[in-house]
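1. Can you look at this prediction? I've put the sequence above it.
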Amino acid sequence: MKALIIGGNGFIGSNLADALIAAGHKVTSFDRYPSRYRETDSRINYVYGDFANHGDVLDAVKGNDWVFHLAYTTLPASSNDDPCYDVRSNIIDTLQLLDACREFNVKKVVFISSGGTVYGVPQQLPIQEDHPTDPICSYGITKLTIEKYLKLYRHLHNLDYVVIRLANPYGELQNPQAKQGAIAVFLGNVLQGKPIDIWGDGQVVRDYIYIGDAAKALVRSAEYCPEEDEPRVFNIGSGQGTSLNDIVKTLKGVVDKEVNVMYHPARSADVPANVLDISRAKKCLSWEPEINLGDGIRKTWDWLSHVSKN
Ligand SMILES: NC(=O)c1ccc[n+]([C@@H]2O[C@H](COP(=O)([O-])OP(=O)(O)OC[C@H]3O[C@@H](n4cnc5c(N)ncnc54)[C@H](O)[C@@H]3O)[C@@H](O)[C@H]2O)c1
């Protein structure tokens, strides 16, 4: 199939491009910027443009079977600072994308939603897809809104879709200087001899998924051909909960450097715990994670150590 990845030169997009190519698909990456970490790949068709520009998006969508929507303007922790911006930049531009997908008869849109924020404070763990959705950050609300529009566009226009409620991905090509992605940020600090910053007491539990496993799930989700009443919303994570303090412990066993931690006051947009139930994805997508946390952290450390030397 011909796949377009909007945001294809970022962390998840680049790993997804590799997974799609490995599965025999053709990839176009649409992004504002080239990859921060790697040279261009002759197997990928690169298109540069702005997701906010309808003309750029129309040109990019034309001729593709699948569209993966990964470009987003906000992050969970900062989205509450300016909800108007979150709504304006993410929801409106996504609707323009969906209109382009209708116009060019795209077979499937895969949207990366957020397993960490759409449910809000969980009533029970692990969280199933039919758990109530009460986000405590604007980012979670805009992700959910887009999920609803996808359902509406399928109902009105027969545009098919899959929603991936992704947990916390980590691994190669993740920016250690970003404001999201605890494992890469922690490892980046250790590499530079800086302390690790933890907001709260470090007991906050999250579901960390190695990016190679997440990328395979994304490919499976595009290949998946559901019947009318079959699920289109999937949690993708490891299904395991790990506290930040446990991450630090695992990381100490991997890195050959001193690890220091500084604790700061907790942030209001952080839910206390989030672990996803991934049984629906296992069943419908014939997928399950293969890389455990220790091995994944080692792979990430090896990659980061390598890029920091070049
Ligand atoms: N990384 C995570 O922890 C995580 C977790 C759950 C969901 N997600 C979602 O996954 C998606 C991708 O995340 P990521 O971690 O790969 O982010 P990233 O920042 O590494 O990659 C995003 C890419 O999109 C591009 N982009 C952003 N705005 C654009 C625009 N207007 N026009 C063209 N390109 C644009 C950026 O240049 C970048 O290359 C986002 O929707 C994010 O909300 C991420």
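-> Looks like it came in fine. Everything quoted here is computed from the prediction, not taken from an experiment. Residues are numbered from 1 along each chain as shown.
2. Just give the number of residues close to the residue lying closest to E223 once chain neighbours are set aside.
-> Distances taken as C-beta to C-beta, 6 or more residues apart in numbering place A23 nearest to E223, at 7.6 Å, with adjacent residues excluded. No exception for glycine: its C-beta is placed from N, CA and C like everyone else's. Neighbours of A23 under the rule other C-beta atoms under 10 Å: 15.
3. Kindly report the same for the one 3 residues further on.
-> Around K26 there are 15 other residues, counting by other C-beta under 10 Å.
4. Report the beta-bridge partners for it.
-> Counting by DSSP bridges, K26 is bridged to K2.
5. Could you check the pLDDT of it?
-> Note on K26: pLDDT of 98.
6. Tell me which residues touch it, please.
-> Contacts for K26 (C-beta atoms under 8 Å, 6 or more residues apart in numbering) come out as 1-3, 45.
7. Export those residues to TSV and append columns for pLDDT.
-> Output for those, formatted as TSV (pLDDT from 0 to 100):
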residue	pLDDT
M1	98
K2	98
A3	98
N45	98
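8. out of these, which one sits closest to V110?
-> Taking C-beta to C-beta as the measure, V110 lies nearest A3 of these, at 8.8 Å.
9. Surely L4 is in a helix?
-> No: under DSSP: H, G, I helix; E, B strand; the rest coil, L4 sits outside any helix and is assigned strand.
10. now it: how far from L70?
-> 10 Å (C-beta to C-beta, to the nearest Å).
11. which of those two has more neighbours?
-> L4 (27 against 22).
12. So for that one, what's the pLDDT?
-> Reported pLDDT for L4: 99.
13. Quick check: the residue nearest to E223 touching V219?
-> Yes: contact status for A23 versus V219: in contact at 5.1 Å, counting by C-beta atoms under 8 Å.
14. what's the closest non-adjacent residue to the residue of the stretch 1-150 of the chain found nearest the ligand?
-> Here the stretch 1-150 of the chain gets closest to the ligand at one residue, G10, 1.8 Å apart by C-beta to the nearest ligand atom. The spatial neighbour of G10 that comes closest, neighbours along the chain excluded (C-beta to C-beta, 6+ apart), is L70 at 6.5 Å.
15. Check which residues of stretch 51-59 are buried.
-> 51, 56-58 (16 or more other C-beta atoms under 10 Å).
16. What about the ligand: which of the residues you listed touch it?
-> The subset of those within reach of the ligand, by C-beta under 6 Å from any ligand atom, is F51.
17. So which residues of the stretch 201-310 of the chain form strands?
-> Taking DSSP state E, counting those that start in this stretch, the strands of the stretch 201-310 of the chain run over residues 205-206, 208-210, 233-236, 242-243, 261-264.
18. For those, give me TSV that also has distance to L285, mean neighbour count and mean pLDDT.
-> Formatted as TSV, the strands of the stretch 201-310 of the chain follow (distance: least, C-beta to C-beta, whole Å; neighbours: other C-beta atoms under 10 Å; pLDDT from 0 to 100):
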stretch	distance to L285	mean neighbour count	mean pLDDT
strand 205-206	22	22	96
strand 208-210	14	26	98
strand 233-236	7	26	98
strand 242-243	23	18	98
strand 261-264	37	12	96
